[in-house]
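Peer 1: Okay, here's the prediction I keep looking at, along with the sequence it came from:
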Amino acid sequence: MTEARTLMADEGRTFCEELSIPLARGTPSPLFRWLTACILSASPIRHDQAARAARALADAGLTTARKMADATWETRRKILNENGYARFDERTASILGDAAQLIVDDYGGDLRRLREAAGHDPKDERARLKSVKGVGDTAVDIFFREVQAVWDELYPFADDLALEAANRHRMGRDAKALAETVPRKSFPHLVVALARDELSHRHR
């Protein structure tokens, strides 16, 4: 088994798969749910806590930008507080509400419109995503890792975290080299596996 396949077997389940987000549809609700999960994952808390909070928000029906924006601040805060976000519940409740409202106001609640407004240009997509409150480069990197499966212009994308692991495993120093090691449809799984591997390596 190659190094890439070994990593994917161990760590290659994507976060969207873990959260039951049907990202392959490329439609507004899965895209928004994934961005929400990325905002939560970029916070200084454990991944399992971020995943728990993302699931709870979805279970409460906050699965679109409009629904998130229309929910009260207290509703969002309570969900976060009860699902791993007690330390950051108030701030994050505000961030999620503001982020959702901007997406509603600027893109009709549809991140596909953000993509179209950016002309399918990755740099412009990153800049537009970063204009959303709570979305910095870390959140965009997490978002791009998996959304490249449906936003073709991003492929091949690997963030610095994944590339650190790739370099350590002598699999390639950039995304293009890394993409040569697996079929295109497997690439997001490899990038996620490498990012997880690097995080585990740093915490040993």
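Peer 2: Received the coordinates, thanks. Residues are numbered from 1 along each chain as shown.
Peer 1: domain parsing for this structure?
Peer 2: The chain breaks down into these domains under automatic domain parsing: 3-15+157-202, 22-150.
Peer 1: Save those domains as a markdown table, and put in mean neighbour count and mean pLDDT too.
Peer 2: Where you see a C-beta, it was placed from the backbone N, CA and C, and this is true even at glycine. Output for the domains of the chain, formatted as a markdown table (neighbours: other C-beta atoms under 10 Å; pLDDT from 0 to 100):
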| stretch | mean neighbour count | mean pLDDT |
| --- | --- | --- |
| domain 3-15+157-202 | 18 | 90 |
| domain 22-150 | 19 | 97 |
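Peer 1: Report the contact partners of Arg55.
Peer 2: When contacts are counted by C-beta atoms under 8 Å, 6 or more residues apart in numbering, Arg55 is found next to 19, 83.
Peer 1: Val104 now?
Peer 2: 65-66, 69 are the contacts of Val104 under C-beta under 8 Å, 6+ apart.
Peer 1: can you check Met8 too?
Peer 2: 182, 186, 189-190, 193.
Peer 1: same for the helix or strand where Glu164 lies, what does it pack against?
Peer 2: Using DSSP states H and E, Glu164 maps to helix 160-168. Counting contacts by 3 or more C-beta pairs under 8 Å, 6 or more residues apart in numbering; DSSP states H and E, helix 160-168 packs against helix 137-147, helix 175-179, helix 187-202.
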